[in-house]
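Participant: Okay, sequence plus prediction incoming.
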Amino acid sequence: MKLQEKIQAELQVSIKAKDTARTGAVRILIGEFQRQPQKVLTDDQVIAIIKKLIKSEKELLASAKQETSDFLTIMETYLPRQANRQEIADWIAANIDFSTFGSRMQAMKPIMAHFGSATDGNTVKDILQKMG
């Protein structure tokens, strides 16, 4: 089952379970799906929408000086398992030859291509800066 279908099916489950926090979060997410030009989205497109919502929620929480919210926790459950810093650093050490790049930051593209949605660019950038 595609991620978009799974999320849409979860709306009915959360309504029946009277889980108002999850119902609200899923409705926001489905609303974002409906704003897209195409109606059937790939899992990568769905993940990109979820990441955008998570980013804006984190910005709102930071301005309100809060750490987390129900919405943030629920959105993060839809993301694939994130690679940890050690996994990323180990893969970089085993697969990236920095002598072929003008700077460490130019290695971002192959690293992000490998990890895809399992990490975010800020984490990779931070790891690369600390390696140097």
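Facilitator: Nice, I can see it.
Participant: so where does I74 fall, helix or strand?
Facilitator: Using DSSP states H and E, I74 maps to helix 70-76.
Participant: Skip ahead from that helix and say which helix or strand is next.
Facilitator: Scanning the chain past helix 70-76 towards its C-terminal end, the next helix or strand to appear is helix 85-95 (assignment: DSSP H and E).
Participant: Give me the helices and strands touching the helix or strand following that next one, please.
Facilitator: Secondary structure here is assigned by DSSP H and E; on that basis, the next helix or strand after helix 85-95 toward the C-terminus is helix 108-115. If contacts are counted by 3 or more Cβ pairs under 8 Å, 6 or more residues apart in numbering; DSSP states H and E, helix 108-115 sits against helix 85-95, helix 121-131. Any C-beta I mention is one placed from the backbone N, CA and C, and that applies to glycine too.
Participant: Run through who's touching helix 108-115.
Facilitator: With Cβ atoms under 8 Å, 6 or more residues apart in numbering as the test, helix 108-115 has contacts from A83, I88, W91, I92, N95, I96, T119, G121, V124, K125, L128.
Participant: how far is stretch 113-122 from where the chain is centred?
Facilitator: Computed by Cα atoms, centre = their mean, to the nearest Å, the separation of stretch 113-122 from the middle of its chain amounts to 9 Å.
Participant: domains for this structure, by residue range?
Facilitator: The record, using automatic domain parsing to delimit domains, assigns the chain the ranges 3-76, 85-131.
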